[in-house]
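Trainee: A structural model of the following input is requested.
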Amino acid sequence: MQEILSSFIDLYLDHLRFQKGASDHTVTGYSVDLAQFAEYLLLSGVTEPAGVEPKIIRSWLREMMGYGYAPSSAARKLSSVRSFFAFLRERGITPRDPAKAVEGPKLPARLPRSLSREDAERLVVFGSEGDNPLRDRAILEVLYGCGLRIAELVSLRWRNVDMAERMLRVLGKGDKERLIPFGRCALAALEEWKDSLPSGEWVFPGQKDGPVTVRTVHRVVLRAAKKTGISQVTPHVLRHSFATHLLEGGISLRVLQELLGHESLLTTQHYLAVSGEHLRQSYVSAHPRAKGETDNV
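Mentor: Predicted coordinates:
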């Protein structure tokens with residue numbers, strides 16, 4: 001009886017390996033998850049995929065979490081089972097997909113990742129290289145100095161950049177405009193970059209009279225991260241770093257909401273969980289029984 005389940009799992013793993021071109025690491029992960037699932041099925045008296053009910057999958061998930069697996073690990077295991085049954089259903093091996101009706105464990109909200117102030121400065125100052133260092137430096141300064149989304153950066157036009165007032169006019173989500181100030185470092189980088197360009201409308205021009213691509217901006221950031229030895233950096237990490245460092249500097253949540261272009265203040269409040277030092281200092285300065293404290297708050 002065990003051979004029936006094993007043969008179907010082997011068939012699916014071969015599909016991943018040879019049809020989908022999955023890596024050995026990925027195939028091994030699926031293999032472990034499905035072997036655990038098959039063992040549970042056999043102990044429950046289920047000997048073939050057609051006999052699997054949604055309640056059995058839910059029971060298996062509860063048991064996995066009872067063994068100490070984190071919700072994220074249990075969710076990954078459920079994803080393996082879902083993929084397995086989708087494969088069987090597509091090939092007519094099972095008449096239905098019992099995993100489709102099973103909800104995964106609720107995952108905790110992921111906090112935005114932020115660089116330290118030192119790493120952010122090192123990335124921006126020393127990260128630009130390659131064929132176009134002036135452009136790359138300006139991109140890094142604006143991403144970190146203004147907290148722009150990558151789509152907002154690539155769509156910037158010079159007519160929306162006020163060098164004298166050091167303000168950007170940005171078209172964000174939902175075609176909503178907002179004004180964002182920028183500092184002297186971003187100003188210097190933009191001025192030097194503009195002086196090197198022929199006249200044109202795009203701040204960061206690409207090919208065929210259009211703006212630079214999102215993919216190119218990603219490459220600029222990844223290249224800067226590699227050069228400076230800082231891992232797990234993306235354009236969005238620079239946006240998170242912008243927000244976190246402003247909070248740590250004492251900016252109000254309402255002002256930060258406006259700068260980031262968030263529709264809801266609840267979205268902006270995620271950064272409070274990142275910036276524990278901001279919370280600590282705010283408490284110390286505001287509560288009458290905490291003023292004067294430095295440590296042990």
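
Trainee: What values do phi and psi take at Pro181?
Mentor: phi -80, psi 160 (degrees, to the nearest 10).

Trainee: And for the one 10 residues further on?
Mentor: Backbone torsions of Glu191, given as degrees, to the nearest 10, read phi -60, psi -40.

Trainee: count of neighbours near it?
Mentor: For Glu191, the count of nearby residues is 12 (other Cβ atoms under 10 Å). C-betas here are computed from N, CA, C, even on glycine.

Trainee: who's in contact with it?
Mentor: Shown in contact with Glu191 (Cβ atoms under 8 Å, 6 or more residues apart in numbering): Met163.

Trainee: what number of residues lie near Lys148?
Mentor: Small correction: residue 148 is Leu, not Lys. Counted with other Cβ under 10 Å, Leu148 comes out at 27.

Trainee: pretty sure it is touching His236, no?
Mentor: No: counting by Cβ atoms under 8 Å, His236 is not a contact partner of Leu148; they are 10.2 Å apart.

Trainee: Can you tell me the element Arg169 falls in?
Mentor: strand 167-171 (DSSP states H and E).

Trainee: helices and strands around that strand, which ones?
Mentor: Where contact means 3 or more Cβ pairs under 8 Å, 6 or more residues apart in numbering; DSSP states H and E, strand 167-171 is packed against helix 133-146, strand 161-162, strand 177-181.

Trainee: mind listing what's buried in it?
Mentor: Judged by neighbour count using 16 or more other Cβ atoms under 10 Å, the buried positions of strand 167-171 are 168, 170-171.

Trainee: quick revisit: deepest in the core, which of the helices and strands packed on strand 167-171 is it.
Mentor: Mean neighbours per residue, mean count of other Cβ atoms under 10 Å, is largest over these for helix 133-146, with a mean of 23.

Trainee: and that helix, how far out from the chain's middle?
Mentor: In terms of Cα atoms, centre = their mean, to the nearest Å, the centre of helix 133-146 is found 20 Å from the chain centre.

Trainee: Downstream of that helix, the next helix or strand is which one?
Mentor: helix 150-154.

Trainee: Helices along the chain, start to end?
Mentor: For the chain, applying DSSP state H gives helices covering 2-14, 24-43, 54-66, 71-90, 117-126, 133-146, 150-154, 184-195, 214-228, 235-248, 253-260, 265-268, 270-274, 276-286.

Trainee: Could you dump those helices into JSON lines and include distance to Pro98?
Mentor: Below are the helices of the chain laid out as JSON lines (distance: least, Cβ to Cβ, whole Å):
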{"stretch": "helix 2-14", "distance to Pro98": "14"}
{"stretch": "helix 24-43", "distance to Pro98": "11"}
{"stretch": "helix 54-66", "distance to Pro98": "5"}
{"stretch": "helix 71-90", "distance to Pro98": "6"}
{"stretch": "helix 117-126", "distance to Pro98": "47"}
{"stretch": "helix 133-146", "distance to Pro98": "46"}
{"stretch": "helix 150-154", "distance to Pro98": "40"}
{"stretch": "helix 184-195", "distance to Pro98": "55"}
{"stretch": "helix 214-228", "distance to Pro98": "39"}
{"stretch": "helix 235-248", "distance to Pro98": "37"}
{"stretch": "helix 253-260", "distance to Pro98": "42"}
{"stretch": "helix 265-268", "distance to Pro98": "36"}
{"stretch": "helix 270-274", "distance to Pro98": "36"}
{"stretch": "helix 276-286", "distance to Pro98": "44"}
